Structure formats: C-alpha cells, structure tokens
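1. Compute the structure for the input listed below.
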Amino acid sequence: MHEFLPAKQILHRRHIERIAACEVCGAERETIRHVLLECTMAKVFWEHTKKLAGVKLPHPHQDTWARDLLLAKVCSRREAAVIMCGMWALWMARNRRRHGERPIPVQQAVFWARDTAFDLWQILHSKNGNQPARDVLRWKPPEIDWMKCNVDGAYYPVDGSDAIGLVLRDHRGAFAGTRARWQNHSLDALSMEAQAAKEGIEFALEKGARNLILATDCQELVKLWELGVCQRSLISPILADIQQRSRSSDGFVLLFEGRLCNRVAHQCTKLVSSSSLVEEWPCPPPELHDLLAADCKNFVIP
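-> Down below sits the predicted model:
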C-alpha cells in the first residue's frame with residue numbers, strides 16, 4: 001500500500017534501476033501489483049491456488065486492491081489470509097529469481113501458503129491461549145486426488161544401522177499402505193533420510209499414486225531438494241533419482257513436516273529390526289491404530 005516493496009518500477013522512479021520492465025514476462029512496468037497479480041508467474045500461481053487450495057483470486061480494483069484485500073472487502077477473511085500468504089510466497093520467489101537462486105516449485109509454494117494461513121488463523125482465533133500449539137502441530141491431509149506419503153528414518157550411530165518407515169494416505173486420511181525396512185549399515189542420518197524419501201516415492205508409485213506429497217521431518221533434506229542442481233552434497237545421486245521418479249507422476253511435492261506430524265512414519269521404524277529386515281502391511285498394524293486415528297481427529301473430511 002505504501003510501496004515499500006522494491007519492485008523495479010519503484011526503483012526506476014527513484015533512479016536506482018535503469019529500466020522498469022519485468023524480467024519474467026517482459027511487461028513494460030514491474031509494479032507490486034504486477035508481481036503479485038498480473039505477471040505470468042503470478043497467474044500460474046493463482047491457477048494452482050484455486051485448484052490445490054480451493055481459493056479463487058478475486059478481481060480487485062486497480063487502485064484500491066491492497067486495501068480491499070486487507071479489509072476482506074472482495075472475499076472472505078479466510079480466503080484473504082490464504083491470498084496474502086500466497087502473495088508473500090510470490091514476492092519471495094521473485095527475490096530468489098532476482099538473486100540467481102532456484103525458486104520454490106509453484107505447487108510447493110501454494111501448499112506452504114495454504115498451511116501457513118491455516119496455522120496463523122488457528123492461532124489468532126483460538127479461544128484458549130494454550131491450545132494453538134497442539135492444533136497447529138498436527139498431520140494435514142492432502143487435497144482431493146492427491147496422496148500423501150510420510151517418510152522417516154531412525155539412525156543408530158553406535159553401529160551405523162538404521163530403519164526406514166513410511167505410510168501412505170489419501171485426502172480422507174484413509175490408510176493406503178505402509179512399509180518399514182532395517183539396514184545394518186548406513187553412511188549417516190541425512191543419507192538415511194534421503195533413502196527413506198526415495199523409497200517413499202517408489203512405494204507410492206507402486207500403489208498407483210498420480211499426485212503425491214512426500215513429507216519428511218528432515219529440514220536439511222528439503223533445503224537440498226529445493227537447491228536442485230545447484231547443490232553438490234553426498235546425497236545428490238539419491239535426489240536425482242527422486243527427481244527422475246517424480247516425472248512419472250502428474251504432480252509431486254517434497255515438503256517438511258514437524259516430528260509430531262510425522263509420528264506415524266516414525267513409529268513404523270520401530271516395527272523392524274536386524275532379525276526382521278523388511279515388513280509391509282496392506283492394513284494398519286495394531287501399533288499404528290491409535291496414531292492414525294489421532295491424525296484424523298482434527299480435520300474435516302471433504
């Protein structure tokens with residue numbers, strides 16, 4: 001509203017940028033509105049937001065769009081919250097491109113905006129000040145026509161062994177399968193988490209998933225994934241394999257979820273040992289019943 005975001009048109013007017021044109025779509029002026037609403041990248045983002053988050057971008061007035069959105073005059077307050085978080089994601093993606101960094105994939109940015117808006121809404125509108133933390137830290141189902149595979153690994157540095165666990169569920173939270181595997185030798189914890197992600201996408205594709213969210217509680221793994229070809233870590237071959245396999249799906253997102261959201265997959269790692277190397281269950285094993293039920297308590301089935 002006060003033109004604090006340094007879009008090129010603003011910098012050009014202040015004699016900082018030589019030209020005001022948008023570097024993405026070639027528009028004559030890169031204004032704040034252009035970046036957030038009108039650019040080619042913005043239009044793709046809002047199309048995915050409508051499809052994946054169920055929020056449609058309204059047609060705000062040319063001059064009062066920011067104020068109208070802030071005051072929720074053009075949509076509901078909940079939709080405005082998602083849209084504003086989406087605009088923040090668009091602006092950060094714009095900055096990453098400007099600085100030569102690899103932007104976050106559009107689908108992942110949409111999921112981030114949706115989940116962030118929802119979590120902030122829960123915090124601000126909770127009747128009990130101590131309740132939000134428990135509400136926010138919960139498993140979230142994927143959108144309709146998507147599957148979600150939570151993966152985790154337990155690394156034991158004493159002998160270098162590890163265990164991998166994964167669980168696949170649909171948008172209703174319905175169980176679609178789980179697998180656990182024991183390994184007597186592993187390089188380190190990060191390699192083990194990457195291997196868990198690789199087995200997760202393999203398992204989901206075997207089960208017929210066409211649109212997949214792969215969720216892990218390893219932030220380092222997600223950061224390396226977002227860097228893409230720019231990173232040269234030891235797990236690069238595994239990430240390249242995941243990228244190759246993801247091309248077999250219609251949609252794919254690798255994202256971070258906290259340990260409390262990933263507890264079913266974590267529990268799976270405890271179901272195997274050196275004497276029981278690989279286990280797969282078409283129906284939930286008894287050890288997972290309570291955790292699976294608890295994950296489904298806090299969301300409304302569409």
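2. Where do the helices of the stretch 51-200 of the chain begin and end?
-> For the stretch 51-200 of the chain, the helices defined by DSSP state H, counting those that start in this stretch occupy 65-70, 77-98, 106-124, 132-136, 189-206.
3. Compare those and say which comes out lowest on pLDDT.
-> Lowest mean pLDDT within those: helix 132-136, a mean of 44.
4. per-residue pLDDT, G54?
-> pLDDT, G54: 83.
5. Excluding covalently adjacent residues, which one is nearest to it?
-> Sequence neighbours aside, E143 is the residue nearest to G54 in space, at 7.9 Å (criterion: C-beta to C-beta, 6 or more residues apart in numbering). Where you see a C-beta, it was placed from the backbone N, CA and C, and this is true even at glycine.
6. ok so, going back, okay if I get the helices of the stretch 51-200 of the chain as CSV plus distance to I164 and mean neighbour count?
-> Output for the helices of the stretch 51-200 of the chain, formatted as CSV (distance: least, C-beta to C-beta, whole Å; neighbours: other C-beta atoms under 10 Å):
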stretch, distance to I164, mean neighbour count
helix 65-70, 44, 16
helix 77-98, 31, 19
helix 106-124, 23, 19
helix 132-136, 27, 15
helix 189-206, 4, 22
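7. the domain parsing of this protein - what is it?
-> 8-136, 147-295 (automatic domain parsing).
8. hey, which of those domains is tucked in deepest?
-> domain 147-295 (a mean of 18; mean count of other C-beta atoms under 10 Å).
9. what's the straight distance from one end of that domain to the other?
-> Domain 147-295 has an end-to-end distance of 15 Å (C-alpha to C-alpha, to the nearest Å).
10. picking up where we left off before, where among the domains of the chain is average confidence lowest?
-> domain 8-136 (a mean of 84).
11. who does the residue nearest in space to the middle of the chain bridge with?
-> Most central in the chain under C-alpha atoms, centre = their mean is L255, positioned 3.9 Å from the mean C-alpha point. Residues in a beta bridge with L255, per DSSP bridges, are A215.
12. list the contacts for it?
-> Neighbouring residues of L255 by C-beta atoms under 8 Å, 6 or more residues apart in numbering: 108, 111-112, 213-216, 222.
13. Please report how far it lies from A215.
-> 6 Å (C-beta to C-beta, to the nearest Å).
14. can you give me the strands in the stretch 201-302 of the chain?
-> Ranges of strands in the stretch 201-302 of the chain, per DSSP state E, counting those that start in this stretch, are 211-216, 251-256, 278-281.
15. export the ones you listed to CSV and tack on distance to L292?
-> Formatted as CSV, the strands of the stretch 201-302 of the chain follow (distance: least, C-beta to C-beta, whole Å):
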stretch, distance to L292
strand 211-216, 15
strand 251-256, 20
strand 278-281, 12
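16. Out of these, which gets nearest to A180?
-> strand 278-281 (5.0 Å; C-beta to C-beta).
17. Export that closest one to CSV, keeping only CA atoms.
-> In CSV, the C-alpha atoms belonging to strand 278-281 read as follows (Å, rounded to 0.1, in the frame of the first residue of the first chain):
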residue,chain,number,x,y,z
VAL,A,278,11.5,-55.8,5.7
GLU,A,279,7.9,-55.6,6.6
GLU,A,280,4.9,-54.3,4.6
TRP,A,281,1.3,-54.0,5.7
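18. Provide the strand pairings for it, with the direction of each partner.
-> In its sheet, and by DSSP bridges, strand 278-281 pairs with strand 175-183 (antiparallel).
19. and the partner strand with helix 189-206, angle?
-> Here strand 175-183 runs at an angle of 140 degrees relative to helix 189-206 (axes from the mean of the first three to the mean of the last three C-alpha atoms, to 10 degrees).
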